[in-house]
Structures are given as structure tokens and as C-alpha cells.
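In: could you look at this predicted model? Sequence included:
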Amino acid sequence: LGSDISFFFSSGTAYCTGRGEQIASLPPLGPEPICIIKPPEGLSTGLVYKTLDLEKLSDKDPEQLLANMQKPGGLVDAANYVNDLEPPALSIEPRIAAIKAAVKAKGWRVCMMSGSGTSIFALGQPEGDATGLEGWQEDLRATCFATRFIARAEDDEKVWYGE
């Protein structure tokens, strides 16, 4: 098992540090719709890390970004998101960059690759877009999932995650 497995025993919203094994529970996130776009292409995590330019790592303070996200509207402010693995991944697989650009062009406020790729998540659903997925699977040649954040009551260990 990975060192981050203990996250799944948290309440569902947490700030994880170290290798993911250091967990601080946070209040649940709001009902913001999320769109996850998964193209069929995959990436080698090892190659993404090998391509990472350490001179270009973000100097943003993660705890300040977290504090900013917890402010009203902060969850859908793209300035509060950093993924240092995104630039090398996009250079390896340019189609992911094209998908990200297409999602941003649809009006989503936050659009970023997750981890070392290749999934992209989008937050801040455009007004008038009922599902956020209208025709996307064909347009992007990717599988699209409409979802939202879930949480578990900290004091209820018998219930996994739910509404």
C-alpha cells in the first residue's frame, strides 16, 4: 500500500504533506461542480519527473494557497492552483495541452492537469452550461465525468463517503 492510504480514512477534505501520510483534516469543500476529463493517452510518471526542470518549480507557499482557497470564491480562482508536473507532462504529450486549452475556451475558471497526468480537472462551471459535458467526449476524444466533492462526517466511522 502507498504511504498516502491513510487519506482514505480522513473526512474527505484534507491538506496532505510529506508523501501524503501527514494529514490535516479540513472543512468540506462546497458544492462546486467538477468536470474530470480523461484522455486515452497515458504518461510515464518517471518520464514526467525526469523532464521536470527544478529551476522552474513554483515558489508559491502551499499554505498560503490553501488559505486563499478557503476564502469566498477562492476555490474557483485559478491563481490558487499549482502543479509543477504539468509543464513537463504537456511537453511530452501535446494533445493534453490542446485538451486543456479547449476546456479553458469553454469558460471553466480553473483547468489543470491532475498529478503527473493525464487527467484534467475543471472547476468554475460556465453559466448556462447545465452539465459541463455537452458534446465534450466527441470534441475532445476523451472520457468526461461530471462530479462534485464528497465528504464524510468525522465522527461517523461506519459510513464511508456519501451525499
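Out: Everything's here; your move. Numbering: from 1, shown residues only.

In: pull the contacting residues for Pro31.
Out: The contact partners of Pro31, by C-beta atoms under 8 Å, 6 or more residues apart in numbering, come to 148-149. Quick note: C-beta positions are derived from backbone N, CA and C, even for glycine.

In: ignore what I typed, I meant Tyr49.
Out: Shown in contact with Tyr49 (C-beta under 8 Å, 6+ apart): 85, 88, 116.

In: wait, the last one touches Leu85, no?
Out: Read that as Ser116. Yes. Under the criterion of C-beta atoms under 8 Å, Ser116 makes contact with Leu85 at 4.7 Å.

In: what is in contact with the two at once?
Out: Joint contacts of Ser116 and Leu85 (C-beta under 8 Å, 6+ apart) are 48-49.

In: give me the phi and psi angles of Gln125.
Out: Torsion angles at Gln125 (phi, psi; degrees, to the nearest 10) stand at phi -50, psi 140.

In: neighbours of the residue nearest to it when sequence neighbours are not counted, how many?
Out: Spatial nearest neighbour of Gln125, excluding adjacent residues (C-beta to C-beta, 6 or more residues apart in numbering): Pro33 at 4.6 Å. By other C-beta atoms under 10 Å, 17 other residues sit near Pro33.

In: so what's Pro33 up against?
Out: 123, 125, 132, 146-148.

In: ranges for the strands of the protein?
Out: 14-17, 22-25, 34-38, 110-113, 120-123, 143-147 (DSSP state E).
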